[in-house]
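> got a predicted model here, sequence first, then my questions.
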Amino acid sequence: MLERYTGSPPEQFGKQIILTNFDYYLERFHTLCGDSRTQGSAMGVVHSSSAGVSIVDFSIGSPTAALIIELLAIIDPKAVLLLGMCGGLHRSLKIGDFILPTAAIRDEGASRHFMPPQVPALPTFKIQKFVSQIIIEKGMDYRTGVVHTTDYRFWEFDEKFKAQLYEERALAIEMESATLFIAGFASKVPIGALLLVSDLPLTRGGIKTKKSAKAVFRQFTDLHLEIGIKSMSEIAERGEHIRHYKW
C-alpha cells in the first residue's frame with residue numbers, strides 16, 4: 001500500500017523522512033538534493049541518496065496525516081519531520097517565524113481512532129531538540145508552544161470558534177500536527193514538526209490568499225527545507241539516540 005499511494009517501493013525510502021503538504025516543496029527539494037521523483041495514487045515522493053532523506057507530499061488534513069504515518073511505520077524510520085505551515089495566533093508572531101510545537105490540541109477526528117481523547121498529542125522530544133539545535137547553529141530564533149490542530153477549514157469566519165481560540169491561548173493553528181503525533185505514538189514512529197507561520201488569520205486582512213501564499217513560498221521555502229534537510233540528514237550521526245517511548 002505504501003508503493004500504491006506514493007509510487008515508491010519501501011526499499012527506496014531513506015530512514016529519515018520529511019513530510020510536507022506542498023508540491024512546491026518537492027520541486028525545490030528535487031532541485032536542491034533530489035535524485036528521483038515518483039507519484040502514486042495520492043502522494044508524491046522525492047528521494048535523495050546524498051542526504052539519506054526522502055520527502056513525501058501527503059496532501060492536506062488529518063485523514064491523510066494518519067494514513068502516511070501508518071504507511072511509513074512499515075519501514076521503521078529513524079526520524080520523521082513535518083515541515084508544515086500554520087496560522088499565527090499570538091500577537092507577537094509575524095509571517096516567516098518558525099514554531100517548534102511542544103504539543104498539539106486534538107481538535108480533529110482522525111486521532112481518536114488511535115488513542116483515547118485524554119491522551120495528549122506530543123512530538124518526539126529528541127527530534128524537536130535536534131531541530132532546535134540546527135536552528136540555533138544557523139544563528140536563528142524560533143518559538144515553542146502549543147498549536148491547535150483542526151479539521152475545520154473555514155473557521156476564520158466563525159466568531160464563536162475564534163473566541164474559543166483566544167481562550168485556549170494556542171500559539172498557532174494548523175491541520176495535521178496532532179494527528180501525526182498521536183498516530184506516531186500509536187505506531188512507534190518518531191515524529192517531530194517545524195512549522196512556518198504563513199499567515200496571521202486573527203488580524204485584519206490576515207487570512208491567507210493565493211497571492212500571499214505565493215509570496216511565502218518564494219521567500220521562505222528554501223530556508224525551511226534547508227533546516228529540515230540538515231536536521232534529518234545529520235540526526236542519525238549527531239543527534240541523541242531516539243527511542244520514542246519505553247513501553
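Great, that's in hand. What you see is a predicted model, and the numbers here were worked out from it, not measured in a lab. Numbers count the residues shown, from 1 in each chain.
> switch to C-alpha atoms for all contacts and neighbour counts from now on
OK.
> if I pick the residue minimising distance to the centre of the chain, what's in contact with it?
Centroid-nearest residue in the chain: residue 82, 2.3 Å away (criterion: C-alpha atoms, centre = their mean). By C-alpha atoms under 8 Å, 6 or more residues apart in numbering, residue 82 lies in contact with 18, 19, 20, 177, 191, 192, 193, 194, 195.
> let's go with 7 Å and repeat that
Contact analysis of residue 82 by C-alpha atoms under 7 Å, 6 or more residues apart in numbering lists 18, 19, 20, 192, 193, 194.
> just to check, the last one is in contact with residue 83?
Yes - if you go by C-alpha atoms under 7 Å, residue 194 and residue 83 touch, sitting 5.2 Å apart.
> for residue 83, the count of nearby residues, please.
Burial of residue 83 is recorded as 22 neighbouring residues (other C-alpha atoms under 10 Å).
> could you measure from it over to residue 170?
Counting by C-alpha to C-alpha, to the nearest Å, the gap from residue 83 to residue 170 is 19 Å.
> tell me the buried residues in the lowest-mean-pLDDT helix or strand in the chain?
Across the helices and strands of the chain, mean pLDDT, DSSP states H and E gives its lowest value to helix 210-238, namely a mean of 93. Residues 216, 220-221, 224-225, 227-229, 231-236 are the ones in helix 210-238 that count as buried (16 or more other C-alpha atoms under 10 Å).
> likewise for stretch 36-55?
37, 39, 43-48, 51-55.
> CA atoms only for it - export them in PDB, please.
Only the C-alpha atoms of stretch 36-55 are listed here, as PDB (Å, rounded to 0.1, in the frame of the first residue of the first chain):
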ATOM      1  CA  SER A  36      14.400  10.500  -8.200                       C
ATOM      2  CA  ARG A  37      10.700  11.500  -8.000                       C
ATOM      3  CA  THR A  38       7.700   9.300  -8.000                       C
ATOM      4  CA  GLN A  39       3.900   9.900  -7.900                       C
ATOM      5  CA  GLY A  40       1.400   7.400  -6.500                       C
ATOM      6  CA  SER A  41      -2.300   7.400  -6.500                       C
ATOM      7  CA  ALA A  42      -2.400  10.100  -3.800                       C
ATOM      8  CA  MET A  43       1.100  11.200  -2.800                       C
ATOM      9  CA  GLY A  44       4.300  12.400  -4.400                       C
ATOM     10  CA  VAL A  45       7.800  11.500  -3.200                       C
ATOM     11  CA  VAL A  46      11.400  12.700  -3.900                       C
ATOM     12  CA  HIS A  47      14.400  10.600  -2.700                       C
ATOM     13  CA  SER A  48      17.900  11.900  -2.000                       C
ATOM     14  CA  SER A  49      20.700   9.300  -1.700                       C
ATOM     15  CA  SER A  50      23.200  12.000  -0.900                       C
ATOM     16  CA  ALA A  51      21.200  13.300   2.100                       C
ATOM     17  CA  GLY A  52      19.700   9.900   3.000                       C
ATOM     18  CA  VAL A  53      16.400  11.600   3.200                       C
ATOM     19  CA  SER A  54      13.000  11.200   1.400                       C
ATOM     20  CA  ILE A  55      10.300  13.800   1.300                       C
END
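> work out the gap between that stretch and the centre of the chain.
16 Å (C-alpha atoms, centre = their mean, to the nearest Å).
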